[in-house]
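In: need a 3D model of the following:
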Amino acid sequence: MDHLATVVSEMGTTLTPDGVAILGTAEIENRKVLEDFVAHPKVASRNYQIVHYDSPDERGIDVALLYQPKYFKVTGSRPIPMVTYEENGERNFTRDILFVSGELDGEPLHILVNHWPSRRGGEAATAPLRNAAALQCKQVADSLMALDPNAKVIIMGDLNDDPVNASLRKVLNAKADKADVKQNGMFNPFYEFFKQGLGTLAYNDAWNLFDQIVLSYGLVREKVPGYYFYQAHVFNPPYLYQPSGQYKGYPHRTFSGDTYIGGYSDHFPVYVYLIKPR
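Out: Here you go, the predicted structure:
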């Protein structure tokens, strides 16, 4: 808990002393752990509020949203069930998608927090599950942008796919270049990071960038009034790397199998800055 609070307390403070205004989280066991976290001395002054629903995930983990009420006001929220099936017809019980609507500094903003199905069983075999999750997000985003072409929508989370995979590139049709984003389209600022070899988790001595924040047209075009995208970052200071041993240079995780090794996480967090003219 102290390690997580350290990381969250430092993210984004280069440009804003209040740090992260809206925080999407994954692998949440229950609401109590969130209540303990927001009360931690390193982040308590931010008065983070919680949006969390229990999901039917077979591992008992959920996604959640924390937010500073100083900046963001929730106007509505609901879980979106991910109903998919295995080849044998059995239901695949996985995390719900968390849909939250609100106002960022008085401006409408819609957020989808995700933890898409894993690659356990093979990347190709499980790709349809992540494509289905991407389609759920796209349908929600499309419905919002049908009402308002400049609707500001954020799709974030551990997507268990890289920016070049079909779920992002084809289903969400998330563009790598802001100039290519048209109305009703999406922008993925983490594509360039991946292209440069930067990742958020390591496996078999290779980096993946599963943790992403995808933005709608309304957050990309500066001519749209209000907040717009400024910068994206992977938060990876030296202390978040494993310092020695077989996995030296990997993210410094908390557990190695069943052994507690006192790290932080097996993923690096990511964040974006949104800015607006005064």
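In: quick one: contacts for Tyr239?
Out: Neighbour list for Tyr239: His252, Tyr264 [criterion: CB atoms under 8 Å, 6 or more residues apart in numbering]. Any C-beta I mention is one placed from the backbone N, CA and C, and that applies to glycine too.
In: show me where the stretch 1-150 of the chain has helices.
Out: 2-10, 31-38, 123-147 (DSSP state H, counting those that start in this stretch).
In: tabulate those helices (JSON lines), appending mean pLDDT, mean neighbour count and distance to Gly263.
Out: Output for the helices of the stretch 1-150 of the chain, formatted as JSON lines (pLDDT from 0 to 100; neighbours: other CB atoms under 10 Å; distance: least, CB to CB, whole Å):
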{"stretch": "helix 2-10", "mean pLDDT": "98", "mean neighbour count": "17", "distance to Gly263": "7"}
{"stretch": "helix 31-38", "mean pLDDT": "98", "mean neighbour count": "15", "distance to Gly263": "17"}
{"stretch": "helix 123-147", "mean pLDDT": "95", "mean neighbour count": "17", "distance to Gly263": "26"}
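In: so which of those comes closest to Asp258?
Out: helix 2-10 (18.7 Å; CB to CB).
In: relative to Tyr48, how far out is the residue positioned nearest the centre of the chain?
Out: By CA atoms, centre = their mean, the chain has its centre lying nearest to Gly157, at 2.2 Å. Going from Gly157 to Tyr48 by CB to CB, to the nearest Å gives 18 Å.
In: got it, and His267?
Out: For His267, the distance to Tyr48 - CB to CB - is 20 Å.
In: those two: which is more packed in?
Out: Tyr48 (23 against 20; other CB atoms under 10 Å).
In: just checking: what are the partner strands of the helix or strand of the chain with the lowest mean pLDDT?
Out: Across the helices and strands of the chain, mean confidence by mean pLDDT, DSSP states H and E is lowest for strand 84-85: a mean of 74. Partner strands for strand 84-85, per DSSP bridges, with pairing direction: strand 91-92 (antiparallel).
In: show me the contacts for Val7.
Out: So Val7 contacts Phe235, Leu240, Tyr264, Ser265, Pro269 (CB under 8 Å, 6+ apart).
In: what's the spacing between it and Ser45?
Out: Val7 is 16 Å from Ser45, by CB to CB.
In: same thing with Lys178?
Out: For Lys178, the distance to Ser45 - CB to CB - is 35 Å.
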